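[1] Below are the sequence and a predicted model; questions follow.
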Amino acid sequence: MTDRILDAKKNLKEEEVEISLRPKYLKEYVGQEELKQNLRVFMGAAKHRDETLDHVLLYGPPGLGKTTLAYVIANEMEGNIRVINGPSIERSGDLASILADIKAGDILFIDEIHRLPRVVEEVLYGAMEDFKLSILIPREQGSNTLNLTLEPFTLIGATTRAGDLSSPLRSRFGIVEKINFYSEKEIEGIVRRTSSVLRTGIDEDAVKLIAKRSRGTPRIANRLFRRVRDFANYEGKNAIAVSDARKALDALKVDCLGLDDVDIRYLNAIIDRFHGGPVGLEAVASAIGEEIMNLEDVYEPYLLQIGMINRTPRGRVATEKAYEHLRKNHQKSLF
């Protein structure tokens, strides 16, 4: 599978650029107004009581700002943040070592928390609930348990698959918030902010064009902005005109709804090979040569959001809107 310009997942090359574009406080964070208001209340109340913020679970499709919000919360609560990735913690001792090193008021951010091994996850239960840590120390004859009291801290977990979290883990989060796709107006605000941070002028029409094709996802909007800027800079320009944006987005094969080649192949497979569905995800993945998890986590959320597909108990179904967008005749099945 080749890299997509519209892939909302992180890649290492973008990490430094993302950090430079990341807002530091809620007042700088564009969009997610209800979520931000809730966080203001929860953080303000915790500060009033001189307590740590309750543990936070953030869930939603990739690229919507879960990691950014974790850093914003750390800045607002004036705590240090420790960032780890769920799959990278393979042994319970690794997590225990990290927890034992945490200072009062610190933030521990675990990305892809649904991918923590169960034996590692169980270490979190006591740490989250009572700030207690039990470590099993093997000896020649049996074993001993070392009980440690941890400094009060806040755990922030991020996941694209909230349904994969175990009930014991999910129940220990006092604050659970979903991050939704952004409106075009919100994405326009993000593009303007990126333009300002990167010191690159941009026409208002170009802002709207980039926003419309960004799939409601800040990470994609920022990536498209940088690629459009490349096209403008290549022609010796220091600012982006709408003609530059249109030329770049057409060259990148990003259509008017933000769909790319993979999305089109996905929809065409359902319509042409499987007669519009219903069809199982495994069959679609095999037909277009994509991984099932990538289809489910990266591609489908946006296609569902804009009404291109439906999920049914029998499988995926292409909607009337998908037929219209691809300019295909829709003959409804009699069965």
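    Here it is on my side, so go on.
[2] Domain boundaries for this structure, per the record?
    What the record gives for the chain is the domain set 32-178, 184-251, 261-325, from automatic domain parsing.
[3] Deepest in the core, which of these is it.
    The highest mean neighbour count among these, using mean count of other Cβ atoms under 10 Å, belongs to domain 184-251: a mean of 19. Backbone N, C-alpha and C define where each C-beta goes, glycine included.
[4] can I assume Glu290 sits in a helix?
    No. Counting by DSSP: H, G, I helix; E, B strand; the rest coil, Glu290 falls outside a helix, being coil.
[5] shouldn't it be in contact with Ala269?
    No. Here Glu290 does not reach Ala269: they are 9.7 Å apart, not a contact under Cβ atoms under 8 Å.
[6] what sits against Thr122?
    Small correction: residue 122 is Glu, not Thr. Residues in contact with Glu122, defined by Cβ atoms under 8 Å, 6 or more residues apart in numbering, are Ser92.
[7] one more time with 6 Å, if that's ok
    Taking Cβ atoms under 6 Å, 6 or more residues apart in numbering, we find Glu122 in contact with no residue.
[8] quick revisit: can I get the domains of the chain in JSON lines with distance to Tyr25 and mean pLDDT?
    Shown next, in JSON lines, are these (distance: least, Cβ to Cβ, whole Å; pLDDT from 0 to 100):
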{"stretch": "domain 32-178", "distance to Tyr25": "6", "mean pLDDT": "91"}
{"stretch": "domain 184-251", "distance to Tyr25": "13", "mean pLDDT": "95"}
{"stretch": "domain 261-325", "distance to Tyr25": "28", "mean pLDDT": "94"}
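[9] Could you dump those into a markdown table with distance to Leu21 added?
    Formatted as a markdown table, the domains of the chain follow (distance: least, Cβ to Cβ, whole Å):
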| stretch | distance to Leu21 |
| --- | --- |
| domain 32-178 | 9 |
| domain 184-251 | 6 |
| domain 261-325 | 21 |
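[10] Show me whatever sits in contact with both of Glu290 and Ala269.
    Overlap of the contact sets of Glu290 and Ala269 (by Cβ under 6 Å, 6+ apart) is empty.
[11] Would you state the helices of the stretch 51-200 of the chain in chain order?
    66-76, 92-100, 118-130, 167-170, 184-197 (DSSP state H, counting those that start in this stretch).
[12] Just the CA trace of the last one, in PDB.
    Think helix 184-197. This file holds the C-alpha atoms of helix 184-197, laid out as PDB (Å, rounded to 0.1, in the frame of the first residue of the first chain):
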ATOM      1  CA  GLU A 184     -15.400  23.400   6.800                       C
ATOM      2  CA  LYS A 185     -15.500  26.700   8.700                       C
ATOM      3  CA  GLU A 186     -13.400  25.200  11.500                       C
ATOM      4  CA  ILE A 187     -10.900  23.700   9.000                       C
ATOM      5  CA  GLU A 188     -10.700  27.200   7.300                       C
ATOM      6  CA  GLY A 189      -9.700  28.600  10.600                       C
ATOM      7  CA  ILE A 190      -7.000  25.900  11.000                       C
ATOM      8  CA  VAL A 191      -5.600  26.700   7.500                       C
ATOM      9  CA  ARG A 192      -5.400  30.400   8.300                       C
ATOM     10  CA  ARG A 193      -3.600  29.700  11.500                       C
ATOM     11  CA  THR A 194      -1.200  27.400   9.700                       C
ATOM     12  CA  SER A 195      -0.600  30.100   7.100                       C
ATOM     13  CA  SER A 196       0.300  32.500   9.900                       C
ATOM     14  CA  VAL A 197       2.600  30.100  11.800                       C
END
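[13] roughly how far out does the helix or strand following that helix sit from the chain middle?
    Scanning forward in sequence from helix 184-197 by DSSP states H and E, the next helix or strand is strand 201-202. Taking the mean of its C-alpha atoms, strand 201-202 sits 27 Å from the chain's own mean (Cα atoms, centre = their mean, to the nearest Å).
[14] which residues are contacting strand 201-202?
    Defining contact as Cβ under 6 Å, 6+ apart, one finds that strand 201-202 is touched by 195, 239-240.
[15] how about those in TSV, adding distance to Ile98?
    TSV is the format used below for these (distance: Cβ to Cβ, whole Å):
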residue	distance to Ile98
Ser195	38
Ala239	46
Ile240	43
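[16] between these, which is nearest Val228?
    Val228 lies nearest to Ile240 out of those, by Cβ to Cβ, at 5.7 Å.
[17] residue contacts, the closest one?
    202, 206, 228, 232.
[18] wait, the last one sits on Asp244?
    Right, the one you point to is Ala232. Yes. Taking Cβ atoms under 6 Å as the definition, Ala232 is a contact partner of Asp244 at 4.3 Å.
[19] Beta-bridge partners for the nearest residue to Leu35 once chain neighbours are set aside, please?
    Distances taken as Cβ to Cβ, 6 or more residues apart in numbering place Glu177 nearest to Leu35, at 5.2 Å, with adjacent residues excluded. Legend: beta-bridge partners of Glu177 under DSSP bridges are Leu58.
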